[in-house]
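Asks: would you be able to build a 3D model of this:
(one chain, ligands or ions: 1)
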Amino acid sequence: MNPNEKQGILPSYNLFLEYDGKEYVVLRSKAPVYMLGEIVCELERATDDFSWLIKIIMGCKNSNAPASYENILQALTEIDDTIDYAFGAASGAVLMNVLASRTQMMLTCLELPDQYDVKSNFKVKESSVKKILGKGGFNSLGAENVAHALLSGLVLSVDMVSQFRELTRLVMDILTEADLENRDTAKIKHILYDNGDLIAAQQIDYRIMNIEEKLTSVYGIKDIMSVLMFELANCINNNVLIKKCNNCGYHFPIHGRPDVIYCSFKAPNGDGKTCKEIGAQVKRANKEKNDALTSEYRKIYLRKKMQVRRHPGEEKYQVMLSEFLDEGKKWQDAIGDGVKSEEEYLLWLKSI
Ligand SMILES: [Zn+2]
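Replies: Sure thing, here's the model as predicted:
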């Protein structure tokens, strides 16, 4: 960054939500609908590991260009066009906000080093420098080029994002209590909404807009912690139940049958499939496997039973049938204990 260059200001990206008290519409290009709790759960997934975002940053057309405001803005616009595809529009908007605001702070620190010092303003962990900047081939904060400036901005966001994640985990664990009587929402209210610093730091604005001839409430949420506070207040007030997905292990809100066990978010390494789809696939595969075992077992059992009937005087057939039943029981116990697999059992059945 050339210190003599005229200082510019990066745009602020906010999460704009149309909210009628029941669900949200994210005001981004595709205007997707989110149920209460889905935004914070999506963010939990999107902020777990930033490798995906680093890849997007490094892939910008002008990532190697000098870190002028113009070039950084161009890269941000390119990222803004693609970021929603990774996890969704809500986390896309929030992470654009995080990235742009922190990159702006990074540039300000570099431009006015006497007034703003990175070290005294941000807790920067050596591990996040290595993890994030290292992937771009840099070893310290700076703005040698566009990618360096943006990755440095991302490093400066780690502290805030970690705080968001920590609070999210804590609160989500409370909201997974299905029995509303036992749900300790008082604790959440106390931690988040009695805390003067967190209340003062909320950046949520409200406006009324004419959207398709309907006067609509639109909230502009300007940072990630405010997103958490906005979402959780709505979840608590509407008694939204949260569960942990049996496939990916992340939280998800329940807005239908309370006995669902898989989330509807994209599964990690699921090739675009959701956990629900993968769960159904696994269930179907298990059923097919079970059906194959049952039919093979029945076939052999009936054959042996038939032999006993045809040869009533010969004891050896009765012995063979009993042996088969005993062995089968042993196999089923071994599978139940996890010491033998169903595949091995099927091979044994077929070998008879
Ligand atoms: Zn899942």
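Asks: can we go C-alpha only for contacts and neighbour counts from here?
Replies: OK.
Asks: residue 320 and residue 304 touch, don't they?
Replies: Yes - with contact defined as C-alpha atoms under 8 Å, residue 320 and residue 304 form a contacting pair (7.4 Å).
Asks: pick out whichever of the two has more residues nearby.
Replies: residue 304 (19 against 15; other C-alpha atoms under 10 Å).
Asks: what helix or strand does the closest residue to the more buried one other than its chain neighbours sit in?
Replies: Distances taken as C-alpha to C-alpha, 6 or more residues apart in numbering place residue 321 nearest to residue 304, at 5.7 Å, with adjacent residues excluded. In the assignment (DSSP states H and E), residue 321 maps to helix 315-336.
Asks: which residues touch that helix?
Replies: Here helix 315-336 makes contact (C-alpha atoms under 8 Å, 6 or more residues apart in numbering) with 301, 304, 305, 307, 308, 311, 340, 341, 342, 345.
Asks: which bits of the protein sit near the ion?
Replies: Listed as neighbours of the ion in the chain under the rule C-alpha under 5 Å from the ion: 245, 247, 248, 263, 275.
Asks: quick one: mean pLDDT for stretch 319-331?
Replies: Averaged over stretch 319-331, pLDDT sits at 90.
Asks: buried ones in it?
Replies: For stretch 319-331, the neighbour count (16 or more other C-alpha atoms under 10 Å) marks 321, 324, 328, 331 as buried.
Asks: okay, the last one and the ion: tell me how far apart.
Replies: Separation of residue 331 from the ion (C-alpha to the ion, to the nearest Å) stands at 33 Å.
Asks: from the residues of the chain next to the ion, which land in helices?
Replies: residue 275 (DSSP state H).
Asks: what's the PyMOL syntax to select whichever of the residues of the chain next to the ion are buried?
Replies: Buried residues among these (16+ other C-alpha under 10 Å), as a PyMOL selection:
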select buried, resi 245+247+248+263+275
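Asks: let's have the residues of the chain next to the ion in JSON lines, adding pLDDT.
Replies: Formatted as JSON lines, these follow (pLDDT from 0 to 100):
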{"residue": "245", "pLDDT": "94"}
{"residue": "247", "pLDDT": "91"}
{"residue": "248", "pLDDT": "93"}
{"residue": "263", "pLDDT": "95"}
{"residue": "275", "pLDDT": "93"}
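Asks: lowest average confidence, helix or strand, in this structure?
Replies: helix 118-121 (a mean of 78; mean pLDDT, DSSP states H and E).
Asks: Three-state assignment for residue 159, please.
Replies: helix (DSSP: H, G, I helix; E, B strand; the rest coil).
Asks: so what's it closest to, chain neighbours aside?
Replies: Closest to residue 159 by C-alpha to C-alpha, 6+ apart is residue 123, at 6.5 Å.
Asks: contacting residues around the helix or strand encompassing residue 199?
Replies: Per DSSP H and E, residue 199 falls inside helix 196-201. Outside of helix 196-201, the residues within contact range by C-alpha under 8 Å, 6+ apart are 192, 193, 226.
Asks: so which strand or helix has the last one?
Replies: Element membership of residue 226, judged by DSSP H and E, is helix 224-237.
Asks: again with the first one
Replies: Assigning secondary structure by DSSP H and E places residue 192 in helix 185-193.
Asks: for that helix, which positions count as buried?
Replies: In helix 185-193, counting by 16+ other C-alpha under 10 Å, buried: 185, 188, 189, 192.
Asks: next up, the contacts around residue 15.
Replies: Residues counted as contacts of residue 15 (C-alpha under 8 Å, 6+ apart) are 26, 27, 90, 93, 94, 97, 219, 220, 221, 222.
Asks: backbone dihedrals for it, both of them.
Replies: phi -90, psi 110 (degrees, to the nearest 10).
Asks: per-residue confidence for it?
Replies: 97.
Asks: and residue 4, by the same measure?
Replies: Confidence for residue 4, expressed as pLDDT, is 43.
Asks: packing partners of the helix holding residue 192?
Replies: When contacts are defined as 3 or more C-alpha pairs under 8 Å, 6 or more residues apart in numbering; DSSP states H and E, helix 185-193 packs onto helix 146-175, helix 196-201.
Asks: now render those as TSV, adding mean neighbour count and mean pLDDT.
Replies: Output for the helices and strands packed on helix 185-193, formatted as TSV (neighbours: other C-alpha atoms under 10 Å; pLDDT from 0 to 100):
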stretch	mean neighbour count	mean pLDDT
helix 146-175	21	94
helix 196-201	11	91
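Asks: would you agree residue 74 falls within a helix?
Replies: Yes - the assignment for residue 74 (three-state DSSP) places it in a helix.
Asks: counting neighbours, what do you get for it?
Replies: Neighbour count of residue 74, defined by other C-alpha under 10 Å: 17.
Asks: and for residue 343?
Replies: 12.
Asks: which strands and helices sit next to the helix or strand that it is a member of?
Replies: Element membership for residue 343 (DSSP H and E) is helix 342-351. With contacts taken as 3+ C-alpha pairs under 8 Å, 6+ apart, helix 342-351 sits against helix 275-310.
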